[in-house]
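Student: Need a 3D model of the following:
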Amino acid sequence: MRIMAVDFGDSRTGIAVCDKDEILASPLTVITEYNFEKCAEKVAELSKKEKAEMIVVGLPKNMDGSSGERAEKCTEFARIVSEISGLPAELWDERRTTVAAHNYLNETNVRGKKRKAVVDAVAATIILESYLEYRKNCPKP
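Tutor: Model prediction:
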């Protein structure tokens, strides 16, 4: 199944996709959009263009597992994207993905403006890799 992952942000939203066999997750793009509804529309359009069959939206839980204001916003974003696109949207715990993305970019020596341009897509890729690993190890009956 072709799955698209979203790392939603107030100004930049990272997008990643996987292949049909759910083996390889790759960063796709970063959408720069400050308007909540317009961003949801752009993500839905991109899901159609990429022939996604499902959307996974990162859920930024607090470190203690509770949900805050940001998690509520991402939950609403997932609901709207699902409504617009007609695709199922699943929320996936994204704790520490941005930190992991920055660490990866440090290791690959990506700095400055280039880092800012790609960190959200890398975070979306990490979300998707985590989700794919879960699907592989915990198949639904």
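
Student: what about the longest helix in this protein?
Tutor: Secondary structure of the chain per DSSP state H: the longest helix is helix 112-137.

Student: tell me how far it is from the chain's mean position?
Tutor: 7 Å (Cα atoms, centre = their mean, to the nearest Å).

Student: give the contact list for the closest residue to Thr32 other than its chain neighbours.
Tutor: Leaving aside its sequence neighbours, Thr32 sits nearest to Arg12 (Cβ to Cβ, 6 or more residues apart in numbering; 5.5 Å). Bear in mind the C-beta positions are built from the backbone N, C-alpha and C, glycine included. Arg12 makes contacts with 30-32, 120, as judged by Cβ atoms under 8 Å, 6 or more residues apart in numbering.

Student: Narrow those residues to just the buried residues.
Tutor: For the contacts of Arg12, a neighbour count by 16 or more other Cβ atoms under 10 Å gives the buried set as 30-31, 120.

Student: where's the dip in pLDDT among these?
Tutor: Lowest pLDDT among the buried ones among the contacts of Arg12: Asp120, with 80.

Student: ok, Glu94 - contacts?
Tutor: When contacts are counted by Cβ under 8 Å, 6+ apart, Glu94 touches 7, 58-61, 123, 127.

Student: ranges for the helices of this structure?
Tutor: 36-49, 69-85, 97-107, 112-137.

Student: Which one of the ones you listed lies nearest to Asp19?
Tutor: In terms of Cβ to Cβ, the element of the helices of the chain nearest to Asp19 is helix 112-137, at 10.0 Å.

Student: which residues of the protein score low on pLDDT?
Tutor: 95-117, 139-141 (pLDDT under 70).

Student: Please consider this matter closed, and thank you.
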